[in-house]
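Engineer: fold the following.
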Amino acid sequence: MNKIIVNKKGMNKSLFAFRSAAAAVALVALTITAPAWAALDVGERAPDFTTAAALNGKVYQFSLAQSLAKGPVVLYFFPAAFSVGCSAEAHEFAENIAKFEAAGATVVGVSTDDIETLGKFSAQACQGKFPVASDSGKTIVKSYDAAMMILPDYANRVSYVIAPDGAVVYNYQSLNPSRHVEKTLAALKDWAAAKSAK
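Structural biologist: Numbers count the residues shown, from 1 in each chain. Alright, predicted model coming up:
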């Protein structure tokens, strides 16, 4: 008869590793599915910033104040250039940029990636249609409380619509990239309708 020898020490390590992995998966699932709230509420003032940005591979200084002087701004934070979700989101913004422009809005993405990476991303995923700005020092992300809770070196996926007076008129936060364009476009239309009704 064969004896089965149980190595309790090895079993404990395996059990600990399994529980740790299960906890990490549960935490990520909770982050993706649980409702999350943007720190800046509707009516709050959006913090002003100027930072290096890239448009179709060309680097320049993006100024929120200068963009707001032209009309509303859709400011969206994203975790990492060239990740699957961020590339899909940028592509969708690019495909719909004419609709944002028709509403008089500027679109700008912000991540903690360096400007060299964002230069490539702006030409490829963004198709040269809107700028992406670098916040490698994480000051903009912090001022908008847009850091990812479990990975604070990365921006969370959160979108804001900011009126020309600097007030937040809409916010939407979800790690799922699929509805940010739809939601911000609808918010822009609602804002424009409310403005013209006054």
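Engineer: going forward, measure contacts between C-alpha atoms and count neighbours the same way
Structural biologist: OK.
Engineer: downstream neighbour of the helix or strand harbouring residue 168 in the secondary structure list?
Structural biologist: In the assignment (DSSP states H and E), residue 168 maps to strand 168-173. Proceeding N to C from strand 168-173, the next assigned helix or strand is helix 180-197, under DSSP H and E.
Engineer: same for that following helix, what does it pack against?
Structural biologist: helix 84-95, strand 158-162, strand 168-173 (3 or more C-alpha pairs under 8 Å, 6 or more residues apart in numbering; DSSP states H and E).
Engineer: point out the most buried one among those.
Structural biologist: The highest mean neighbour count among the helices and strands packed on helix 180-197, using mean count of other C-alpha atoms under 10 Å, belongs to strand 158-162: a mean of 27.
Engineer: tell me which of the helices and strands packed on helix 180-197 lies nearest to residue 105.
Structural biologist: Judged by C-alpha to C-alpha, the one of the helices and strands packed on helix 180-197 that comes nearest to residue 105 is strand 158-162, at 9.1 Å.
Engineer: in the protein, which spans are helices?
Structural biologist: Taking DSSP state H to define them, one finds helices in the chain at 8-33, 64-68, 84-95, 97-102, 115-124, 139-143, 180-197.
Engineer: can you redo the helices and strands packed on helix 180-197 as JSON lines with mean pLDDT and distance to residue 55?
Structural biologist: Below are the helices and strands packed on helix 180-197 laid out as JSON lines (pLDDT from 0 to 100; distance: least, C-alpha to C-alpha, whole Å):
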{"stretch": "helix 84-95", "mean pLDDT": "97", "distance to residue 55": "12"}
{"stretch": "strand 158-162", "mean pLDDT": "97", "distance to residue 55": "19"}
{"stretch": "strand 168-173", "mean pLDDT": "95", "distance to residue 55": "24"}
